[in-house]
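Enquirer: This is a predicted model, with the sequence first.
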Amino acid sequence: MAAALDPGEKHSLFIEWAESQGVKINGVAPAQFVDRGMGIVAAKDLKKGDCLVHVSNTTLVTVAHNSIYKMKFPASITVHARLATYFSLLAADEKSPYKLWQDVWPTEEDFKSILPLYWSKELQKLLPPDATNLLAKQKVNIEKDYQSITKLFPSISRSVFTYNWVAVNTRCFYFDYPDLPSASPRLPKKRANLTAEDCYALCPFLDYFNHASTGCNPTANAKGYSVHADRDYKAGEEVYVTYGSHSNDFLLAEYGFILSSPSTTPQNDTSNTHDNIPLDHLIVPHLSPSQVETLKTDGFYGTYTLWNTIPPAVCHRTQGVVRLLTLPERRYSAFVGGTDEGGADQARVDRFLVEALVKYEREVMRVLEEVEGLEGYAGEVLTRRWKQIGGIVRRAVKALGGEGML
Ligand SMILES: C[S@@+](CC[C@H](N)C(=O)[O-])C[C@H]1O[C@@H](n2cnc3c(N)ncnc32)[C@H](O)[C@@H]1O
């Protein structure tokens with residue numbers, strides 16, 4: 001993918017500042033990409049295991065950061081809201097200690113194009129089901145966070161808060177406060193109970209890295225955050241980190257991009273090996289209230305998944321729920337109880353799945369007609385995602401022996 005190696009003055013100023021703050025950068029450099037903003041490339045040949053970036057813990061921005069700690073947020077305010085509030089206040093401050101860093105973040109205009117949160121209601125309605133659910137949760141979280149801080153910081157407008165909230169959301173790293181002796185009184189209590197939402201760190205420079213399913217794995221310890229090369233790299237190659245095992249619907253809703261589907265002929269493969277589509281919207285409407293109860297008791301209710309593997313495969317939970325829908329209950333119970341692997345019933349289960357997927361494929365084709373006519377980034381990424389979904393569904397139908405029904 002084409003990248004401009006001289007990233008421009010504001011990035012050079014930021015790097016100078018980052019290095020002065022204790023960020024160690026070895027053999028990598030930021031570069032501007034055509035389709036993904038900034039990213040990191042190898043500035044020379046790199047060897048597997050090389051330490052590429054280290055950000056010391058005194059340079060990370062977490063809720064234990066002195067300035068955030070001094071803001072004395074009530075305990076009810078989320079970590080995400082605290083960080084977004086802090087950066088919102090700094091955005092209006094010409095003397096902000098993080099001005100050079102905030103200057104290299106994507107602009108609100110960039111986010112408006114990329115992130116579904118900013119799209120029109122009409123475009124949002126064209127998101128796939130899982131991205132729609134994730135976006136709805138994101139909107140609730142932003143609203144709750146904004147309501148929780150607006151009385152304390154009335155100068156922060158909703159739009160400035162939202163921009164900084166999504167900047168935190170798209171740029172933070174997981175950080176479970178590994179033994180930081182000097183800062184210990186400031187850290188969240190009950191560390192055993194920390195949820196992912198408590199564990200945010202913003203890491204200057206590290207937030208330049210783009211995501212791939214297979215990439216370097218950032219690691220945190222008491223000294224700070226580091227990225228080591230996961231393999232050898234040739235000078236000029238993009239170096240990715242992995243943000244986690246995320247599906248393309250998750251990446252679209254949270255980060256505004258998707259990766260390609262796994263292919264049988266990988267060449268420098270940057271496809272999404274964790275992609276899947278949920279089948280809940282195809283299955284749950286068929287369930288009677290008593291079947292829902294049974295599934296809840298057995299821990300088999302919801303999260304029915306079609307994995308985008310080669311060939312696509314449905315998960316064990318889907319195998320279970322479809323047995324409940326198509327067979328006598330005792331056959332379902334034997335399957336979920338593990339006393340019967342269910343091979344004898346597989347043809348019946350597959351027939352149900354083929355019918356549901358063929359129906360869904362028609363729906364996908366209808367949505368595709370609509371999104372293919374749309375202009376701009378939203379139209380382009382929606383078209384790519386719906387084409388992927390159509391492809392996954394068709395390959396699954398073929399794998400289940402239903403090719404003739406397509
Ligand atoms: C942590 S930032 C990475 C740096 C960012 N590209 C920038 O310009 O500052 C995360 C954002 O980068 C973009 N991004 C990350 N990985 C990507 C990828 N593989 N393809 C396209 N965009 C990607 C998305 O916009 C995402 O919200």
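Expert: Good, I have the coordinates. Residues are numbered from 1 along each chain as shown.
Enquirer: so what's the closest residue to the ligand within the stretch 301-406 of the chain up against?
Expert: For the stretch 301-406 of the chain, the residue closest to the ligand is residue 381, as judged by Cβ to the nearest ligand atom, at 9.5 Å. Backbone N, C-alpha and C define where each C-beta goes, glycine included. Residue 381 makes contacts with 252, 256-258, as judged by Cβ atoms under 8 Å, 6 or more residues apart in numbering.
Enquirer: Pretty sure it sits in a helix.
Expert: Yes: remark: residue 381 belongs to a helix, assigned using DSSP: H, G, I helix; E, B strand; the rest coil.
Enquirer: In terms of helices and strands, where is residue 41?
Expert: Assigned by DSSP states H and E, residue 41 belongs to strand 37-42.
Enquirer: if I pick residue 171, what's in contact with it?
Expert: 105, 202, 207.
Enquirer: Count the residues that sit near residue 333.
Expert: 17 (other Cβ atoms under 10 Å).
Enquirer: again with residue 176
Expert: Residues near residue 176, counting by other Cβ under 10 Å: 13.
Enquirer: Give me the secondary structure label for residue 48.
Expert: Residue 48 is classified as coil under three-state DSSP.
Enquirer: Could you report the neighbour count for it?
Expert: Counted with other Cβ under 10 Å, residue 48 comes out at 11.
Enquirer: ok, now which ones touch the closest residue to residue 124 other than its chain neighbours?
Expert: With Cβ to Cβ, 6 or more residues apart in numbering as the criterion, residue 124 has its nearest non-adjacent residue at 6.0 Å, and that residue is residue 116. Contacts of residue 116 were listed using Cβ under 8 Å, 6+ apart, and they are 123-124, 127, 131, 135, 252-253, 256, 378.
Enquirer: where does the chain have low pLDDT?
Expert: The chain contains residues with pLDDT under 70 at 1-5, 179-193, 264-268.
Enquirer: residue in it nearest to the ligand?
Expert: The chain approaches the ligand most closely through residue 37 (2.5 Å), counting by Cβ to the nearest ligand atom.
Enquirer: what's the distance between that residue and residue 166?
Expert: In this view, residue 37 and residue 166 are 14 Å apart by Cβ to Cβ, to the nearest Å.
Enquirer: With residue 34 instead?
Expert: From residue 34 over to residue 166 (counting by Cβ to Cβ), the distance is 22 Å.
Enquirer: Between those two, which is the more surrounded one?
Expert: Between residue 34 and residue 166, counting by other Cβ under 10 Å, residue 166 is the more crowded of the two (23 against 9).
Enquirer: so the more buried one touches residue 110, yeah?
Expert: No: assessed by Cβ atoms under 8 Å, residue 166 is found out of contact with residue 110, at 10.4 Å.
Enquirer: Return the residues of the chain in contact with the ligand.
Expert: Neighbours of the ligand within the chain, by Cβ under 6 Å from any ligand atom: 36-39, 106, 114, 170-171, 207-208, 210-212, 255-257, 259.
Enquirer: Among the residues you listed, which are located in strands?
Expert: Per DSSP state E, strands hold the following members of those: 37-39, 211-212.
Enquirer: Return the list of strands paired to the strand or helix carrying residue 31, each annotated with direction.
Expert: Secondary structure assigned from DSSP H and E places residue 31 in strand 28-33. Each strand paired with strand 28-33, and its direction, by DSSP bridges: strand 3-4 (antiparallel), strand 37-42 (antiparallel).
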